[in-house]
Every structure is written in structure tokens, then in C-alpha cells.
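Enquirer: Quick one, structure for this:
(one chain, ligands or ions: 2)
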Amino acid sequence: MLEERVRETLSKAEKQSAAHKLDHLLRVTKNALEIAKREAIDVDYFVLISACLLHDVDSPYDRKKEHVELSARKAEKIMNELKFPKEKVEEILKVIRQHSTETPVEITENEARILFDADKLEGVGAIGIARVFMSAGQRGMSIEKTIEWYKKKMEIAENMLQTETGKKMIKMIKEKMKMVLNFLDRLERALSKYHQA
Ligand SMILES: [Fe+2]
Ligand SMILES: [Fe+2]
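Expert: Numbering: from 1, shown residues only. Ligands and ions are numbered 1, 2, ... in the order given. Okay, the predicted model is just below:
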């Protein structure tokens, strides 16, 4: 029911960032469930899954810094329409507000730790590189600036993960990250030839 409502909402959101559409929300949900399964912590799955599906529900490509608050507000509206219990709405909003490094806040909820890692893992590896270029293209960024941004994302993913499972997963995808870094180095070298003239 919630997935359908999110799908419908996003289908009408013309300015939604190309990297934050339903496919991203569904992959983050899958990552989160995998992390939750392996972590020995208390998890409210209703809160976790709802927060994953809603965390970027209003992310216009030209208002990246505001996307957490925008998404929280739209999420609240959707949840109220779907008649979610009031206390669950509050918990889910708290988790959504703790998911992003755009608006750094202390992460206090287990579900937020899991969402944070699931979301950051989406930003690395092959999928991450495709998403970053889609998003940068929409925002009119140069290739060079995109490479810089991507490297920063990788650093965040490596240094800020919250769960033991997330940290283990990033080690496993380090190999994939090497492939991505090699590609970015090649790309930078190819571009630098054009700057030498
Ligand atoms: Fe986000
Ligand atoms: Fe996200």
C-alpha cells in the first residue's frame, strides 16, 4: 500500500532527482533488510521499511540540501492519509530526519543507523557511479565536478557507516570500489589531455 502510494507520488514529481526515484528507495529497503537481519539489535520492521520507502520521497534535483525536510513533510502527509498510527508516524519521521549527511544530526535510532548504511551503500560501486552521473547531469554539473563529488561520497561511505554489518559490507565492496576508482582515474586522465592544449 505504501509502496503504491510512493510510486504514485513520484510519478507526478517532475523535478524528482533521477537518482532518487522508486528504484533507489526499493534497493535501499532491500539493503536495509539485509543489514537488519544480520545485526543483533532491536528493529521495528514497520518503522524501518516505511522510513526506507519514504526517506527521499521529495528530492527535487535543484533542492538537494532541503530534501530531508521536504521528504519528511511529504512522508508525514502520506502516512496520515494512509492512517498510520500517530506514534509510528513520529518514529518514522525521526528516522527519516537522521538519514542524510546533508543535514548532519545525531543518529539515535537503530532503524536510522540501518537506513543510513543502506543508503550510503547505494552510493558506492557500479550502481553508485551510474546514479551520481544521472544526478549530476540533471543538475548541470561538469564531469570533473562529478568525479570530485563521487569521491567525497565514497569517503563518507567508508568513514561514517553506523552498523557492524554495514562496515563488513563495505569491505566486501571495496573490490568494486577499486574498479570504480580505476575508471574515475582513467576518466580524469582522458579529460586532462583536453586541458593541456
Ligand atoms: Fe537522502
Ligand atoms: Fe537515499
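
Enquirer: switch to C-alpha atoms for all contacts and neighbour counts from now on
Expert: Will do.

Enquirer: Val47 against Lys94, yeah?
Expert: No - using CA atoms under 8 Å as the test, Val47 is too far from Lys94 to be in contact (9.9 Å).

Enquirer: Skip the chain neighbours and tell me the closest residue to the residue most central in space within the chain.
Expert: The centroid of the chain falls nearest to Asp119 when counting by CA atoms, centre = their mean (3.6 Å). By the measure of CA to CA, 6 or more residues apart in numbering, the closest residue to Asp119 outside its immediate chain neighbours is Val28, 5.5 Å from it.

Enquirer: for the chain, where's the lowest mean pLDDT among helices and strands?
Expert: In the chain, the helix or strand scored least confidently by mean pLDDT, DSSP states H and E is helix 174-196, which has a mean of 84.

Enquirer: okay, that one in PDB with CA atoms only?
Expert: These are the backbone C-alpha positions of helix 174-196, laid out as PDB (Å, rounded to 0.1, in the frame of the first residue of the first chain):
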ATOM      1  CA  LYS A 174      36.000  -2.400  -1.600                       C
ATOM      2  CA  GLU A 175      36.900  -4.500  -4.600                       C
ATOM      3  CA  LYS A 176      34.100  -3.000  -6.600                       C
ATOM      4  CA  MET A 177      35.200   0.400  -5.400                       C
ATOM      5  CA  LYS A 178      38.700  -0.200  -6.700                       C
ATOM      6  CA  MET A 179      37.100  -0.800 -10.100                       C
ATOM      7  CA  VAL A 180      35.200   2.400  -9.900                       C
ATOM      8  CA  LEU A 181      38.300   4.400  -8.800                       C
ATOM      9  CA  ASN A 182      40.300   2.900 -11.700                       C
ATOM     10  CA  PHE A 183      37.600   4.100 -14.000                       C
ATOM     11  CA  LEU A 184      37.500   7.600 -12.500                       C
ATOM     12  CA  ASP A 185      41.300   7.800 -12.800                       C
ATOM     13  CA  ARG A 186      41.100   6.900 -16.400                       C
ATOM     14  CA  LEU A 187      38.300   9.400 -17.000                       C
ATOM     15  CA  GLU A 188      40.300  12.200 -15.300                       C
ATOM     16  CA  ARG A 189      43.400  11.300 -17.400                       C
ATOM     17  CA  ALA A 190      41.300  11.300 -20.600                       C
ATOM     18  CA  LEU A 191      39.900  14.700 -19.700                       C
ATOM     19  CA  SER A 192      43.200  16.200 -18.700                       C
ATOM     20  CA  LYS A 193      44.500  15.700 -22.200                       C
ATOM     21  CA  TYR A 194      42.000  18.300 -23.300                       C
ATOM     22  CA  HIS A 195      43.100  20.800 -20.700                       C
ATOM     23  CA  GLN A 196      46.800  20.700 -21.800                       C
END
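
Enquirer: Noted, bye for now.
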